[in-house]
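> next comes the sequence, and after it the predicted model I'd like to discuss.
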Amino acid sequence: MEEIVSLCKRRGFIFQSSEIYGGLAGAWDYGPLGVELKNNIKRAWWKTVVQEREDMVGMDASILMHPRVWVASGHVDTFADPMVDCRSCQGRFRADDLDGDTCPNCGATGQFTEARMFNLLFKTFAGPVEDEASMVYLRPETAQGMFVNFANVLGSTRKKLPFGMAQIGKSFRNEVTPRHFIFRTREFEQMEIEFFVRPQEAERWHQYWMEERLSWYVKLGIRREKLRLHAHAKEDLAHYAAACSDVEYEFPMGWLELEGVANRTDFDLRQHSEASGVNLTYFDEETGEHITPYIIEPSAGVDRPLLAFIVDAYREEEVRGEKRVVLRLHPALAPVKATVLPLSRNEKLVPKAREVWAMLRPHFMTLYDDAQSIGRRYRRQDEIGTPYCVTVDFDTLEDEAVTIRERDSMEQARVPVSGLVEALRERLPPC
Ligand code: GAP
């Protein structure tokens, strides 16, 4: 992990939030490459779960919602983690993160206080008056924005069961112990699906979504043996779930959750129906009955999968006696698709290379690099996962052709400049 955290900072993937002021715990900033990778992950998810499906629609709800939403959802009462303090060093921990009664901070034994529950909701005020009546929460999950819009989406799209909604957005949790880099933070992004089904079909759809979600990670290049499904024991389930399995990845710090796939039953629609007085049932034309659909919820973060994609792609290899670090990212996720490299800073090569770069920019996310030796520049691109380098050499000035070098195999192919966009398009998956 240390290598990866250092690479992320050095190459502009991820920086500590407010670093020049000493940083803010549980908050991270995505740099020029990080934002590209993040956008590509979100785009790939949206394409798979919305664009390519006939039974899904997207939406984008606001982060601030009526505070009664969080009472009805159960978050105000039950969204809490057990917290303990160490009497010796005053460190604060999540009780369920601890292994035994030895403090991981100072090593003292038997010094923990009794566990007490700590609510994770962030609070703020809407408007100029800071009183109870103007208090609102920053959402801890995007899901509720979809539940409260159930009737709006149903009415405007005329969807029939089974169908789902998808949403990507920021969520906030006042985590007791943010940790493992971007794995557990206080501000993060989620990609959530709420899939509405007939109650008697819930188990089948739950099974379906577990497989579907697992295979999404494999399709995007994560090694199958590094992924597993982990079913929650009944006593570990969230207050709204009848069953839940996590998609887990084997990080250097152990098997950890990337996303949860839960059967939320009819809990949410019933709660909001009762609390708001608005009918949130579905008229089933097949049976002539009004039913409250069950919800199957594949709920992924963006940041945790991003970390898993980087960790899984990271390789240290030996090439001709030299170490090369390469991020074998799936080309659809790679932040930069192609980098243009003039063989040297020769005054004739540079304008030609910049012309080639300008030609590529409208089509792909690209970079240009003419600093240091060509070998060094290839290594720099390998390290950030760029699938293709395009080299402009002295022959280019004569034959109007360039060399495409592939990241993983390091194989090279000569293509005419006039066909370069097409040649890269053929090699890259549609984004
Ligand atoms: N709507 C259900 C829900 O929010 P969750 O298991 O609490 O379920 C879903 O969260 C996903 O959101 C997690 O699998 C994880 O990827 C991401 N997530 C949750 N808390 C997070 C945190 N503090 N930091 C980063 N990601 C988090």
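The structure has been received and is ready for your questions.

> now do the strands in the stretch 201-350 of the chain.
With DSSP state E, counting those that start in this stretch, the ranges of strands along the stretch 201-350 of the chain come out as 227-231, 243-251, 254-263, 282-284, 289-291, 294-301, 314-319, 322-327, 338-342.

> most neighbours per residue, which of those strands?
Among the strands of the stretch 201-350 of the chain, judged by mean count of other C-beta atoms under 10 Å, the one packed with the most neighbours on average is strand 338-342 (a mean of 26). All C-beta atoms are positioned from the backbone trio N, CA, C, and that covers glycine.

> contacts for that strand next, please.
The set of residues external to strand 338-342 that reach it, using C-beta atoms under 8 Å, 6 or more residues apart in numbering, is 349-350, 352-354, 356-357, 360, 364, 366-370, 374, 377-378, 381, 386-393, 424.

> over to stretch 212-220?
Stretch 212-220 is touched from outside by 44-45, 48, 224, 227, 229, 247, 249, 258-259, 261, 298, 300, 305, 308-309, 330, 332-333, with contacts defined as C-beta under 8 Å, 6+ apart.

> ok, now stretch 356-363?
Stretch 356-363 is touched from outside by 338, 340, 366, 368, 390, 392, 402, 417, 420-421, 424-425, with contacts defined as C-beta under 8 Å, 6+ apart.

> let's see it at 7 Å
Contacting residues not belonging to stretch 356-363 are listed as 338, 340, 366, 368, 390, 392, 402, 417, 420-421 [C-beta atoms under 7 Å, 6 or more residues apart in numbering].

> mind putting those into JSON lines with secondary structure, pLDDT and distance to Met146?
What follows is the contacts of stretch 356-363, written out as JSON lines (DSSP: H, G, I helix; E, B strand; the rest coil; pLDDT from 0 to 100; distance: C-beta to C-beta, whole Å):
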{"residue": "Ala338", "secondary structure": "strand", "pLDDT": "98", "distance to Met146": "37"}
{"residue": "Val340", "secondary structure": "strand", "pLDDT": "98", "distance to Met146": "43"}
{"residue": "Thr366", "secondary structure": "strand", "pLDDT": "98", "distance to Met146": "36"}
{"residue": "Tyr368", "secondary structure": "strand", "pLDDT": "98", "distance to Met146": "42"}
{"residue": "Val390", "secondary structure": "strand", "pLDDT": "98", "distance to Met146": "43"}
{"residue": "Val392", "secondary structure": "strand", "pLDDT": "98", "distance to Met146": "49"}
{"residue": "Val402", "secondary structure": "strand", "pLDDT": "98", "distance to Met146": "47"}
{"residue": "Val417", "secondary structure": "helix", "pLDDT": "98", "distance to Met146": "48"}
{"residue": "Leu420", "secondary structure": "helix", "pLDDT": "98", "distance to Met146": "43"}
{"residue": "Val421", "secondary structure": "helix", "pLDDT": "98", "distance to Met146": "39"}
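
> hmm, back to that, among the contacts of strand 338-342, which are in helices?
349-350, 352-354, 356-357, 360, 374, 377-378, 381, 424 (DSSP state H).

> any chance of those in TSV, with distance to the ligand and pLDDT too?
Output for these, formatted as TSV (distance: C-beta to the nearest ligand atom, whole Å; pLDDT from 0 to 100):
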residue	distance to the ligand	pLDDT
Leu349	46	96
Val350	44	97
Lys352	46	97
Ala353	41	98
Arg354	40	98
Val356	40	98
Trp357	36	98
Leu360	34	98
Ile374	40	94
Arg377	35	96
Tyr378	34	96
Gln381	29	98
Leu424	33	98
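
> ok, which pair from those residues is furthest apart?
Val350 and Leu424 (21.1 Å; C-beta to C-beta).

> neighbour-wise, which of those two wins?
When neighbours are counted by other C-beta atoms under 10 Å, Val350 and Leu424 differ, and Leu424 comes out ahead with 21 against 15.

> my guess is the more buried one contacts Phe364. True?
Yes: shown here, Leu424 and Phe364 form a contact pair, counting by C-beta atoms under 7 Å, at 6.4 Å.

> of the ones in helices among the contacts of strand 338-342, keep whichever come out buried.
Buried by 16 or more other C-beta atoms under 10 Å: 349, 352-353, 356-357, 360, 374, 377-378, 381, 424, out of the ones in helices among the contacts of strand 338-342.

> for the ligand, find the nearest of the strands of the stretch 201-350 of the chain.
strand 294-301 (2.5 Å; C-beta to the nearest ligand atom).

> so how far is whichever helix in the chain runs longest from its chain's centroid?
When the chain is parsed with DSSP H, its longest helix is helix 202-219. Centre-to-centre, helix 202-219 and its host chain are 17 Å apart (C-alpha atoms, centre = their mean, to the nearest Å).

> and stretch 394-405, by the same measure?
With C-alpha atoms, centre = their mean, you get 39 Å for stretch 394-405.

> how far does it stretch from one end to the other?
When the termini of stretch 394-405 are compared using C-alpha to C-alpha, to the nearest Å, they are 17 Å apart.
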